[in-house]
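>>> Predicted model and sequence below, questions to follow.
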Amino acid sequence: MTTENSTATTAATAKPTHGRFNLAEAAPAVYKAMIGLEIASRQGMDPALLELVKIRVSQINHCAFCIDMHTKDARKAGESEDRIYLLNAWEEATGYYTEKERAALALAEAITVLTDGFVPDAVYERAARHFEEKELAQLIAAIIAINSWNRISVTTRAIPGSYQPQG
């Protein structure tokens, strides 16, 4: 989930979008705060990079609704099918992603999984070499936002397939 327009689009379709309940209706203040975080986290960031990060985090979190949404948004932004398909194996897909993208994907995975209870220094330092501090802060916020959206969508059983990009 990314914008209020996205929600309006899904609400206008014939397919239901939520299996359990719709957060925007059940907790509008929380939904509004999430939209605020989403908008703030995107400021000054490369939209194509953010879509790759959102797809990868959504894959890890098994969020079908968000995978559907962000692959559609990535295609609309001009992302290639090969790069979208290979995100599951980005580390082995040499030559498909820039070093900056690879650093962002590694950071996204580390923040999402937290298997060791922290983001390893090497992963953070790799990202810090490719992103200025302000941009790194925005990237971290975007990763936190998509993780939150994934958890909302998985918990509420948001139904994939209804989202259509705007414009």
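In hand now; what should we look at? Residues are numbered from 1 along each chain as shown.

>>> Look up how far residue 99 lies from residue 58.
When distance is defined by Cβ to Cβ, to the nearest Å, residue 58 is 23 Å away from residue 99. Placement of C-beta: from N, CA and C, glycine included.

>>> more neighbours, these two?
Between residue 58 and residue 99, counting by other Cβ atoms under 10 Å, residue 58 is the more crowded of the two (26 against 10).

>>> Name the residues that touch the longest helix along the chain?
The helix spanning the most residues in the chain, taking DSSP state H as the definition, is helix 133-156. Applying Cβ atoms under 8 Å, 6 or more residues apart in numbering, the external contacts of helix 133-156 come out as 1-2, 18-23, 34, 37-38, 40-45, 50, 53-54, 57-58, 61-63, 65-66, 104, 107-108, 111-112, 127-128, 131, 158.

>>> ChimeraX command for the buried members of the residues you listed?
If you want just the buried ones from these in ChimeraX, going by 16 or more other Cβ atoms under 10 Å, the selection is:
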select :1,2,18,22,23,34,37,38,41,42,45,50,53,54,57,58,61,63,65,66,104,107,108,111,112,127,131,158
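
>>> Now, the contacts of helix 133-156 that are in helices?
Counting by DSSP H, those place 23, 34, 37-38, 40-42, 50, 53-54, 57-58, 65-66, 104, 107-108, 111-112, 127-128 in helices.

>>> how near is residue 165 to residue 138?
Using Cβ to Cβ, which is the criterion applied here, residue 165 is 22 Å from residue 138.

>>> These two: which is more packed in?
Between residue 165 and residue 138, counted using other Cβ under 10 Å, the more crowded position is residue 138 (19 against 16).

>>> can you pull the pLDDT of the nearest residue to the more buried one once chain neighbours are set aside?
If the residues on either side of it in the chain are set aside, residue 138 comes closest to residue 45, at 5.2 Å by Cβ to Cβ, 6 or more residues apart in numbering. Reading off the per-residue confidence, residue 45 sits at a pLDDT of 95.

>>> and what of residue 167?
Predicted confidence (pLDDT) for residue 167: 74.

>>> How about the contacts made by it?
Shown here is residue 167, whose contacts under the criterion Cβ under 8 Å, 6+ apart are residue 76.

>>> how about low-confidence regions in this structure?
Per-residue confidence for the chain (pLDDT under 70) gives these ranges: 1-17.

>>> Distance check, the spatially most central residue of it against residue 147.
Centrality entry for the chain: nearest residue to the mean C-alpha point is residue 54, 2.1 Å, by Cα atoms, centre = their mean. In this structure, residue 54 and residue 147 are separated by 10 Å, where distance is defined by Cβ to Cβ.

>>> How about residue 129?
23 Å.
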